[in-house]
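Enquirer: prediction below, plus the sequence it came from.
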Amino acid sequence: MIGLEMILAMVRVMALELWRDRAALVMTFLLPPLVFLIFSSVFAGATGEDIKPKLAVADLAQTETTGRLLKALLASSEIRAEAVTPATIAAVRARVKSGQADAGLVLRADPAAAGRPFLIIADPGRAVAAPLAQARVQQALVRAAPDAALRRSVDQIRPAIGDLTADQVDNLDMAASILRAKPPEATAGDLFDREDLLGARKGGAVIAYYAGAVLILFALFSAMQGALGLMDERRSGVADRLLSGVAGMGPVITGKFVFLVGQGLVQAVMIFATAQIVYGVAVVGHLGLWLPTTLATAICAAGLALGLVSICRTREQAQMLSTFVILILAAIGGSMVPRFLMPAWLQTVGWFTPHAWVIDAYQGILWRDATLSGVYKAWGVLTASGVVGLALAQTLARLSRR
């Protein structure tokens, strides 16, 4: 009986402690369903029918049928198509190479003509996008120009059956009209040629992507662990003694920031040295842009970690909150699933995470041969995020001193 009373008393004490710590209460009961909603949106969108690749389209044929197909693609809710101006193969290649489109489509001839009238331009770094875009184009063709498939089939068998009579031509026209009024569910025939950009460097796009993804993920985890030293100093009373001094906590926070930046740089060197040695990623060849990108990434991770830890009251809060924030940012930002596989709205939200900027910058430098104009925005966003986090930590330290 006494044992049961002690058990119930302990349950009551712990329940009261949790109830009084509102921050822990929120993170214990409200954050888990929120995390579930976010992760389900990320992974359900990446494996379902909600994937809507960005497709750059150029109509070189300029026929009535390709015009119908282009119009159907632009209006489709299953793909995000955009007509390229000027309508050239080079313009489509440029958009795919720069990452502005997941794949490219060139309408080289009327789909009713013999041969392969369409050219799919694919980025090996987004390998799923090309076949998915091809399937979406075929679906649009069935809806917009089913008569073209009929005429194509007739042309393919004409060498075997000879020329059509006048009545057969009339019947063919009638059948084509019926198909346009009531399209079938599928179309036959191989309509596509495929061109892989930067094919000689196959595999480098994926390696460059995940090198950046892994770096920002572990840089944040490591920086959070280092920043938790602030909580240990509060608990041990060291922070109180420092706050009573002339300099206060400012130099301590700055010193931690400098160390964490250096730690992030070393992590980057280790990861990208492995990418260079094992996979042949041309890191040394792009050192001029790689170094500032790496420095900005390390500044971002260090500043965000210090800022996040500074707003917490206890080590337990800081550990739970930091884990939550890092996992959510990693999921939305593309460290777990490539962002082009996510729903369009989630891809937009991803730009509010450092992960998206880091991954895009490294892949741009090491795979797309981006220049300064392609990465300076990432440098600015990452550096500003780190500086804001550091400023928040310094400000909260000064307020504690007062």
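Expert: The structure has been received and is ready for your questions.

Enquirer: for the helix or strand hosting A208, name the packing helices and strands.
Expert: Assigned by DSSP states H and E, A208 falls within helix 204-227. Packing partners of helix 204-227 (3 or more CB pairs under 8 Å, 6 or more residues apart in numbering; DSSP states H and E): helix 250-279, helix 287-310, helix 315-333, helix 354-366. Backbone N, C-alpha and C define where each C-beta goes, glycine included.

Enquirer: pull out the buried positions in it.
Expert: Under the neighbour-count criterion of 16 or more other CB atoms under 10 Å, helix 204-227 has 204-224, 226-227 buried.

Enquirer: equivalent analysis for stretch 284-303, please.
Expert: The neighbour-count check on stretch 284-303 (16+ other CB under 10 Å) flags 286, 289-290, 292-303 as buried.

Enquirer: swap in stretch 379-395?
Expert: So, applying 16+ other CB under 10 Å, buried residues of stretch 379-395: W379, V381, L382, T383, S385, G386, G389, L390, L392, A393, Q394.

Enquirer: distance between that stretch and the chain's centre?
Expert: Distance, stretch centre to chain centre, for stretch 379-395: 23 Å (CA atoms, centre = their mean, to the nearest Å).

Enquirer: ok, stretch 100-107 next?
Expert: 18 Å.

Enquirer: equivalent analysis for stretch 65-79, please.
Expert: 26 Å.

Enquirer: out of the buried residues of stretch 379-395, the closest to L132 would be?
Expert: V381 (29.4 Å; CB to CB).

Enquirer: break the protein into its domains for me.
Expert: 54-197, 204-401 (automatic domain parsing).

Enquirer: ok, of these, where does mean pLDDT dip lowest?
Expert: Ranked on mean pLDDT, the bottom entry among those is domain 54-197, at a mean of 76.

Enquirer: which residues are contacting stretch 370-383?
Expert: Residues from elsewhere that reach stretch 370-383 (CB atoms under 8 Å, 6 or more residues apart in numbering): 98, 289, 292-293, 296-297, 299-300, 354, 357-358, 360-361, 364-365, 368.

Enquirer: distance check, the residue nearest the centre of the chain against A15.
Expert: With distances taken as CA atoms, centre = their mean, R339 lies nearest the centre of the chain, 2.4 Å away. To A15, R339 is 42 Å away according to CB to CB, to the nearest Å.

Enquirer: tell me which element A113 falls in.
Expert: Judged by DSSP H and E, A113 forms part of no helix or strand.

Enquirer: how far away is it from T66?
Expert: Distance from A113 to T66, counting by CB to CB: 10 Å.

Enquirer: more crowded one of those two?
Expert: Counted by other CB atoms under 10 Å, A113 and T66 do not tie: T66 has more neighbours, with 25 against 16.

Enquirer: backbone phi and psi for the more buried one, please?
Expert: Backbone torsions for T66, taken as degrees, to the nearest 10, come to phi -70, psi -30.

Enquirer: what's the answer for R80, then?
Expert: phi -100, psi 90.

Enquirer: same thing with K97?
Expert: phi -60, psi -40.

Enquirer: if I look at it, how far off is A90?
Expert: Taking CB to CB as the criterion, K97 is separated from A90 by 10 Å.

Enquirer: so if I had to pick from those two, which one is more boxed in?
Expert: Just comparing K97 and A90: by other CB under 10 Å the higher neighbour count belongs to K97, 18 against 10.

Enquirer: from G380, how far out is the more buried one?
Expert: Per CB to CB, K97 is found 23 Å from G380.

Enquirer: just C312 next, same as before
Expert: Taking CB to CB as the measure, C312 falls 28 Å from G380.
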